[in-house]
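>>> my questions are about this predicted structure, shown below with the sequence.
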Amino acid sequence: MAHILVVDDSATDQHVFRKVLERHGHRVTVASDGREGVGLAERLQPDLILMDVVMPVLNGFQATRELSRNEATRRIPVVMVTTKDGQSDMLWAKRQGARAYLVKPTREKQLVETIEQILQVH
């Protein structure tokens, strides 16, 4: 299936996402902050990125903006997965280049369906 990069500073969320995604046949790489995530995306060229917002070093909005402006990574779809549930956060994420926005805790079915829909279009 797909190679998915999970960018999240929570070890618990990293574990949960890895478990769910691997159960659905995906290969998973994990980054603990936005800067690490941008570097791994450039180097590994994953099929999709799950991006938290609130992280140290470089937050998810900043990292997504960098990815969408970089010729090497602009085609990699980013799905924001965060506890920030405000309408303004959702709109800002889309303006930075995110393809979808999910609020934690996200249900497995919703996460998997969102990923599958984006990968089919991409």
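Alright, I've got the coordinates.

>>> can we go C-alpha only for contacts and neighbour counts from here?
OK.

>>> where's the spatially most central residue of the chain, which helix or strand?
Ranked by distance to the mean C-alpha position of the chain (Cα atoms, centre = their mean), the top residue is Leu50 at 1.6 Å. Using DSSP states H and E, Leu50 maps to strand 48-51.

>>> residues contacting the residue lying closest to Lys94 once chain neighbours are set aside?
Counting by Cα to Cα, 6 or more residues apart in numbering, Lys94 lies nearest to Ala100, which is 7.4 Å off, once chain neighbours are set aside. By Cα atoms under 8 Å, 6 or more residues apart in numbering, the contact set of Ala100 is Val78, Val79, Met80, Lys94, Thr114.

>>> who does Ala100 form a beta bridge with?
In this structure, Ala100 bridges to Val79 when assessed by DSSP bridges.

>>> could you check how far it is from Leu58?
20 Å (Cα to Cα, to the nearest Å).
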